[in-house]
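[1] coords below, sequence missing:
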């Protein structure tokens, strides 16, 4: 999958919003009002025509609440399904998502400078859990692990990790979507391989 970045339109990434999953205040140290914080931050930065890749685990709630919440979020939303996204695919398509996928390979252009712009290009595979990175792909952006200690990460997934894997942890990204190209270029996502390796030597 690829696209041309249009003037005034940004591409964003977010993962593991877990709207209304109250247990995450305990599991991940989230504030009690984290759902409201994420919604507020989302609405503050994303314009109606922007593109948003959600890397899965949208939320825990009944279908009525879920539909209204998702449809109220601005942007053209694409869902990369997570292990907790258990509603039928048609439901997500009927309630605010343009497309539902298990993985997506995207070509990202990051432009630096205005008077003399310089472009840097990346090829990225987006997924919920970490996946094997095909030849020619620069990074795998994934979710699933949150800000938890890597002691709690599933071993079969940590065995997949390489230095090219990056964790999109909303708990460590101010509970807000992040511009995709900017985040990759400035290394704003968690190096999940490095985090797992640090545990092994500690």
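    Sure, I can see it. Remember, it's a predicted structure, so these values are computed and weren't measured experimentally.

[2] residue 32 against residue 24, yeah?
    No - with contact defined as C-beta atoms under 8 Å, residue 32 does not count as touching residue 24 (10.3 Å). Every residue, glycine included, has its C-beta placed from N, CA and C.

[3] between the two, which one's more packed in?
    residue 24 (21 against 9; other C-beta atoms under 10 Å).

[4] and that one, how far is that from residue 82?
    Per C-beta to C-beta, to the nearest Å, residue 24 is found 14 Å from residue 82.

[5] what do you get for residue 61?
    15 Å.

[6] more neighbours: these two, which one.
    Neighbour count, other C-beta under 10 Å: between residue 61 and residue 82, residue 82 has more, with 23 against 17.

[7] how many residues are close by the residue nearest to the more buried one when sequence neighbours are not counted?
    Spatial nearest neighbour of residue 82, excluding adjacent residues (C-beta to C-beta, 6 or more residues apart in numbering): residue 56 at 2.4 Å. If you count neighbours by other C-beta under 10 Å, residue 56 ends up with 27.

[8] OK, contacts around residue 41?
    By C-beta atoms under 8 Å, 6 or more residues apart in numbering, residue 41 lies in contact with 174, 175, 176, 177.

[9] output the below-cut-off pLDDT ranges for this structure.
    1-9, 199-202 (pLDDT under 70).

[10] mind listing the helices for it?
    For the chain, helices defined by DSSP state H occupy the ranges 24-27, 34-45, 63-71, 89-94, 155-158, 180-185, 192-201.

[11] the ones you listed: which one's closest to residue 120?
    helix 180-185 (6.0 Å; C-beta to C-beta).

[12] from the middle of its chain, how far away would that closest one be?
    The chain centroid and the centroid of helix 180-185 are separated by 12 Å under C-alpha atoms, centre = their mean, to the nearest Å.

[13] contacts only, for the residue of the chain positioned farthest from its centre.
    Of all residues in the chain, residue 115 has its C-alpha farthest from the mean position, at 31.2 Å, by C-alpha atoms, centre = their mean. By C-beta under 8 Å, 6+ apart, the contact list for residue 115 is empty.
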